[in-house]
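J.: Requesting a structural model of the entry that follows:
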Amino acid sequence: MSIELNHTIVHARDKRQAAEFVAGVLGLEVGPPLGPFLPVEVSNGVTLDFMDSDDDEITSQHYAFLVSEAEFDEIFGRIQQSGITYYADPGHQRPGQINHNDGGRGAYFEDLNGHNLEIITRPYGSGS
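T.: Sure thing, here's the model as predicted:
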C-alpha cells in the first residue's frame, strides 16, 4: 500500500486572507471553495485547506515546504519584498538570516495567524 498525505486543515481567523497570503508568498493559486475550506494545492497534490476558526486563539502549527533552488530565490524575494520578518531557525532566534542545513538553504517566517512556515531546498538529513 502506498500512503500519501492528501491534505491538512489550517485554522485561520480569516481563511481567505490566510490562503491568499500563503499562496502569494509561495507563488501558488487559491482554489475554489470546497465546503468550509479554501484549498491551496502544492505540486505533489497535497492541499492546505484553510478554514475559519471560532477560537479566539489559534494554536501555531509548523508547515515546511521543500522547494528547488530557483523556487527558493523567488519565494525568498517575495518574503523580502513584502517586508516579512524571516529567521534561520525554528525558534526565531536568528532574524534576518537564512540557514544552510544539509548543504541547502532554509528560512522560517510566520503567516497571518502565527503558523510557522519554512522553506528548504534540501530535506533534513540529506547532506553534510
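J.: For residue 1, give me the pLDDT.
T.: The pLDDT attached to residue 1 in the predicted structure is 73.
J.: Spit out the contact partners of it.
T.: Not one residue lies near residue 1 by C-beta atoms under 8 Å, 6 or more residues apart in numbering. For every residue, glycine as well, the C-beta is placed using N, CA and C.
J.: Assess the claim that residue 74 and residue 25 are in contact.
T.: No: contact between residue 74 and residue 25 fails when scored by C-beta atoms under 8 Å: they sit 9.9 Å apart.
J.: So for these two, which residue has more residues nearby?
T.: Each of residue 74 and residue 25 has its neighbours counted (other C-beta atoms under 10 Å); residue 25 has more, 20 against 14.
J.: any idea how far the more buried one is from residue 76?
T.: Shown here: residue 25 relative to residue 76, a distance of 10 Å by C-beta to C-beta, to the nearest Å.
J.: Could you list the low-pLDDT ranges of the protein?
T.: Counting by pLDDT under 70, the low-confidence segments of the chain come to 128.
J.: how about the helices of it, start to end?
T.: Listed in chain order, the helices of the chain (DSSP state H) span 15-26, 69-82.
J.: what about those, which gets the closest to residue 122?
T.: helix 69-82 (9.6 Å; C-beta to C-beta).
J.: Report the buried residues of that closest one.
T.: Residues of helix 69-82 classed as buried under the neighbour-count rule (16 or more other C-beta atoms under 10 Å) are 71-72, 75-76, 79.
J.: These into JSON lines, with extra columns for distance to residue 57?
T.: As requested, the buried residues of helix 69-82 are exported to JSON lines (distance: C-beta to C-beta, whole Å):
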{"residue": "71", "distance to residue 57": "32"}
{"residue": "72", "distance to residue 57": "32"}
{"residue": "75", "distance to residue 57": "28"}
{"residue": "76", "distance to residue 57": "30"}
{"residue": "79", "distance to residue 57": "25"}
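J.: Among those, find me the one that's closest to residue 12.
T.: residue 79 (19.2 Å).
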